[in-house]
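Asker: Just a sequence and a predicted model for now, questions to come.
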Amino acid sequence: MDADWVRRVVWLDFRLAVVLTILLPMGLLLWGARARSQPVVQGLTIYWRVASLLAITVLLMIGGLPLSFLTGLLARVLIPISLWFWRDINEDLALERSRLRPIYESWRWAITAYCIVGTGVNIVFSNCGVVPAEQLGTICPIWFEPPLLFKDLLLSGFAAENILFWGVVLVIVYALYFGVFLMFGLPKYGRIASRD
């Protein structure tokens, strides 16, 4: 595989991720809170819980851990599920009559398409997640370039080993939280997000 082509794909993915998974949902959450749109705020709160796995993935990539390829793949699968799974949020959103609703729904469709395409790309490179770091070759390390730039820009005062440590701690906490949800929350509440 051509390294230049892979590098262009990786950086395009990084730019799209910043816009679609951070900037737009943050803006929508602030707008939803200001407009008092309960289904939008509730949907985005769930989104941020699930999408935190992307932030954990960045921490793992800064540390050069191949597991990050698998956590990134899992995040791209879970994000669209979290946006469309909840029956009560979808029903409340259908009744919503604000200017925010079509923008929120457009973002949901856009991030779903982004995650589906990204999942396909991640599957192509999933072998990077199961080989030891010293055997990654020349293509897999390209995926670490954007997180390392992020570290240089915003986390330059922290050692990569410390960032990796916190990434591992957070992925363990995330896995425990997700396990508790699957074992107890999902069987009890099903597809209902509101637990009042």
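Answerer: Nice, thanks for sending it over.
Asker: what's next to whichever helix or strand Tyr104 is part of, contact-wise?
Answerer: Taking DSSP states H and E as the criterion, Tyr104 maps to helix 100-124. Identification of contacts with helix 100-124 by Cβ atoms under 8 Å, 6 or more residues apart in numbering yields 9, 13, 16-17, 20-21, 24-25, 28, 31-32, 35, 37, 40, 43, 69, 72-73, 76-77, 79-80, 83-84, 93. To be clear about C-beta, it is placed using only N, CA and C from the backbone, and glycine gets the same treatment.
Asker: Whichever of the residues you listed end up buried, select them in PyMOL.
Answerer: The PyMOL command for the buried members of the contacts of helix 100-124 (criterion: 16 or more other Cβ atoms under 10 Å) is given here:
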select buried, resi 9+13+17+20+21+24+25+28+31+32+37+40+43+69+72+73+76+79+80+83+93
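Asker: picking that back up, and the helix holding Tyr104, which residues are buried?
Answerer: Within helix 100-124, the residues that count as buried by 16+ other Cβ under 10 Å are 100-101, 103-104, 107-108, 111, 114-115, 118-119, 121-122.
Asker: Return the alpha-carbon coordinates of the very next helix or strand once past that helix using CSV.
Answerer: Counting by DSSP H and E, the next helix or strand C-terminal to helix 100-124 is helix 145-154. Output in CSV follows, covering the C-alpha atoms of helix 145-154 (Å, rounded to 0.1, in the frame of the first residue of the first chain):
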residue,chain,number,x,y,z
GLU,A,145,1.0,11.0,13.4
PRO,A,146,-2.1,13.1,14.1
PRO,A,147,-2.3,12.0,17.8
LEU,A,148,1.4,12.8,18.2
LEU,A,149,0.9,16.2,16.7
PHE,A,150,-2.0,16.7,19.2
LYS,A,151,0.4,15.8,21.9
ASP,A,152,3.0,18.2,20.7
LEU,A,153,0.5,21.0,20.5
LEU,A,154,-1.6,20.5,23.6
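Asker: How far does helix 145-154 sit from its chain's centre?
Answerer: Here helix 145-154 is found 17 Å from its chain centre; the criterion is Cα atoms, centre = their mean, to the nearest Å.
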